[in-house]
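Novice: below: sequence and its predicted model.
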Amino acid sequence: MLEVNKKVLWISDFDLDTAPGGAQRSDFLIIEKAKLLGISIKKTNKDNILDIENFNAFDMIVTSNVTVILNENPQLLDNISSHKNHVRLEHDSNEHISPEQREKLFSNCSKTIFLSEYQHSFFKGLYGDIFKNVEIIYDPINSKKFKDEGLEREDKILFAGYMHELKGVDHFFEYALDNPDKDFVIAGFTSSKIYHILAQKIKNIEYLGKVNHDKMPEIFNKYKAMFYSPLVREPFCRSVAEAVLCGMDILTDRQDKIGSLQEIKKVGIEEFRNKCNDAVNEFWKEVL
């Protein structure tokens with residue numbers, strides 16, 4: 001039985017209102033589940049973390065992405081690392097903090113949550129075997145929404161999500177230009193004026209712009225394939241996992257660098273689907 005009578009402090013640079021990325025969406029789903037369980041949870045971000053005067057007033061702290069917080073307020077790392085019950089939820093590659101900060105961040109974790117075996121493996125390769133009490137828990141995805149509807153699909157190639165160099169959008173535009181006989185679709189957003197213009201001007205690209213996440217199952221069921229060739233290691237990649245669960249083919253030359261694809265290869269699509277669907281429950285079961 002879960003011990004829900006706890007006060008939890010959730011610390012993350014951003015939340016879903018200010019940064020609509022995969023990490024923030026996963027955090028949101030886990031936090032909402034905590035509320036349903038009756039857990040007293042306080043969410044903080046880079047703008048209000050200094051309002052917390054006493055970290056030890058909480059039974060547990062959970063840190064998500066905290067690069068900005070630690071860069072702006074490095075003294076807070078002492079509060080985190082010395083807490084009696086620190087749960088670390090690692091979403092990214094953790095490359096933007098110093099080795100000293102990283103070791104301190106992970107040194108006293110009651111649980112360290114990685115999103116895939118691939119992520120845990122490359123962390124050990126990059127940073128050494130410094131990680132305590134490790135659990136592998138996928139990004140939470142509702143498989144009742146993200147599923148293959150068995151519809152006839154348009155023969156178009158999709159790019160979904162944040163149009164950024166590290167997410168491989170340059171490769172996508174090059175692929176579209178090199179294949180004028182193929183049709184492409186972008187359901188995404190960008191802060192780059194150049195990417196915005198390219199998405200509008202390349203003739204064989206249909207630019208849908210930013211699509212509400214609730215509409216993405218429909219998008220993933222509408223087209224045959226999604227293109228994704230990131231420059232960075234992807235610990236999991238929520239958008240790829242959602243697309244696969246909806247029956248899409250993934251066109252990539254980086255399959256061995258995308259955690260969700262590695263997990264599907266290892267456990268099979270049905271177990272992968274079940275683990276994504278149960279991830280929020282698994283998270284709280286492991287940390288409480």
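Specialist: Arrived safely. Worth saying up front: this structure is predicted, and the values here are computed from it rather than measured.

Novice: how about the strands in the stretch 51-200 of the chain?
Specialist: For the stretch 51-200 of the chain, applying DSSP state E, counting those that start in this stretch gives strands covering 60-63, 86-89, 109-114, 134-136, 154-162, 183-189.

Novice: for the last one, packing partners?
Specialist: The reference is to strand 183-189. strand 154-162, helix 169-178, strand 205-207 (3 or more C-beta pairs under 8 Å, 6 or more residues apart in numbering; DSSP states H and E). Any C-beta I mention is one placed from the backbone N, CA and C, and that applies to glycine too.

Novice: may I see these arranged in TSV, with distance to F28 and mean neighbour count as well?
Specialist: Below are those laid out as TSV (distance: least, C-beta to C-beta, whole Å; neighbours: other C-beta atoms under 10 Å):
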stretch	distance to F28	mean neighbour count
strand 154-162	16	20
helix 169-178	25	18
strand 205-207	27	17
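
Novice: can those go into JSON lines with extra columns for mean pLDDT and distance to W284?
Specialist: Converted to JSON lines, the helices and strands packed on strand 183-189 look like this (pLDDT from 0 to 100; distance: least, C-beta to C-beta, whole Å):
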{"stretch": "strand 154-162", "mean pLDDT": "97", "distance to W284": "27"}
{"stretch": "helix 169-178", "mean pLDDT": "98", "distance to W284": "35"}
{"stretch": "strand 205-207", "mean pLDDT": "98", "distance to W284": "40"}
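
Novice: output those in JSON lines, with distance to N221 appended to each entry.
Specialist: Formatted as JSON lines, those follow (distance: least, C-beta to C-beta, whole Å):
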{"stretch": "strand 154-162", "distance to N221": "10"}
{"stretch": "helix 169-178", "distance to N221": "20"}
{"stretch": "strand 205-207", "distance to N221": "16"}
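
Novice: backbone dihedrals for the spatially most distant residue from the centre of the chain, please?
Specialist: Distance from the C-alpha centroid of the chain, by C-alpha atoms, centre = their mean, peaks at D181 (33.2 Å). Backbone torsions for D181, taken as degrees, to the nearest 10, come to phi -80, psi -10.

Novice: I appreciate the help and will end here.
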